[in-house]
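>>> I'd like to go over a predicted model; first the sequence, then the structure.
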Amino acid sequence: MRLDVVTIFPEYLDPLRHALLGKAIEQGILTVGVHDLRGWATDVHKSVDDSPYGGGPGMVMKPEVWGPALDDVAAGTTEGQVLESSLPHLDKPRHDDVEGVTARAYDAGEDSDLPLLIVPTPAGKPFTQADAQAWSNEEHIVFACGRYEGIDQRVVDDAAQRYRVREVSIGDYVLIGGEVAVLVIAEAIVRLIPGVLGNRRSHEEDSFSDGLLEGPSYTKPRVWRGLEVPPVLFSGNHALVDRWRRDQALLRTQAVRPELLNHVALTPQDQAVLDSGR
Ligand code: JA5
């Protein structure tokens, strides 16, 4: 997978090269390019923003800077890092280069060969674990980081000619730019790429994977500051342990995120646990 990020604060994305994502890069599973938007500014002051039409506070990011930046990053013609892990997909014939396939208008729907453009914004659709799972199969994802009051909307509208565009929110709060949201989304995606999470069999026990929050976990010592580990975890009875963990997940979900239960298939036993409600 190749990830590109366009931002006016490239150093904010340094954590992408650390820990889990750094390991994926070393393993050759992931290539990351971080691009300074000001590299596409044309005036002497390298300005990337201007006052909003219609008035109001703040500044809006300029389309004449963002347009060429996203064109270049889509084409992979940016200087700097070689597109190592993404080279194979560039060799692949495009669908409309294949004999018998007729090129169609690019607004006739989404072309699955196009890279994915993710634009974090509090006005976007909520980013979910299902999105992370789906996007972990992408070959090329580009992130556009806004600052100020955001990016001129025509940039996002026009980018749909070269990308599959997704405007996404990571939660109902305001940030000063998209950079931190990119770190969140990138980590959620990359950890799901096969081979990136070293010693994990599957992600089936992750919170949200069965629609429930995960219950509590414990390790040694058996008693710590007078607090005991629940005895069922020493029973050696795997069925009993699994049932207890399911009960804990159900009860925690009911307590803190009850709306999630509307999308979970509940057995009569699950329902009884919830009704006994603690
Ligand atoms: C702010 C210019 O979902 C939380 C988010 C807040 C926020 C995001 S995502 N992007 C921006 C932004 O501000 O680009």
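That came through, no problem. Residues are numbered from 1 along each chain as shown.
>>> rest of the way, CA atoms for contacts and neighbours
Noted.
>>> pLDDT weak spots in the stretch 151-278 of the chain?
Applying pLDDT under 70 to the stretch 151-278 of the chain picks out residues 198-202, 278.
>>> So which residues of it form helices?
153-159, 179-190, 238-256, 268-275 (DSSP state H, counting those that start in this stretch).
>>> Including mean neighbour count, could those go into JSON lines?
Shown next, in JSON lines, are the helices of the stretch 151-278 of the chain (neighbours: other Cα atoms under 10 Å):
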{"stretch": "helix 153-159", "mean neighbour count": "15"}
{"stretch": "helix 179-190", "mean neighbour count": "19"}
{"stretch": "helix 238-256", "mean neighbour count": "17"}
{"stretch": "helix 268-275", "mean neighbour count": "13"}
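>>> Quick one, which of the ones you listed gets closest to the ligand.
Comparison of the helices of the stretch 151-278 of the chain against the ligand by Cα to the nearest ligand atom identifies helix 179-190 as nearest, at 5.5 Å.
>>> which helices and strands does the closest one pack with?
Under the contact definition 3 or more Cα pairs under 8 Å, 6 or more residues apart in numbering; DSSP states H and E, helix 179-190 sits against helix 19-26, helix 129-135.
>>> To the ligand, which of those helices lies closest?
Using Cα to the nearest ligand atom, the helices and strands packed on helix 179-190 put helix 129-135 closest to the ligand, at 14.4 Å.
>>> helices or strands up against that closest one?
Using 3+ Cα pairs under 8 Å, 6+ apart, helix 129-135 is in contact with helix 179-190.
>>> now could you export just the CA positions of the helix it packs on as PDB?
C-alpha atoms of helix 179-190 as PDB (Å, rounded to 0.1, in the frame of the first residue of the first chain):
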ATOM      1  CA  GLU A 179      -3.400  16.200  10.300                       C
ATOM      2  CA  VAL A 180      -4.300  14.400  13.600                       C
ATOM      3  CA  ALA A 181      -7.300  12.900  12.000                       C
ATOM      4  CA  VAL A 182      -5.000  11.500   9.200                       C
ATOM      5  CA  LEU A 183      -2.800   9.800  11.900                       C
ATOM      6  CA  VAL A 184      -5.900   8.200  13.400                       C
ATOM      7  CA  ILE A 185      -7.300   7.000  10.100                       C
ATOM      8  CA  ALA A 186      -4.000   5.800   8.800                       C
ATOM      9  CA  GLU A 187      -3.200   3.700  11.900                       C
ATOM     10  CA  ALA A 188      -6.700   2.200  11.900                       C
ATOM     11  CA  ILE A 189      -6.200   1.100   8.300                       C
ATOM     12  CA  VAL A 190      -2.500   0.000   8.300                       C
END
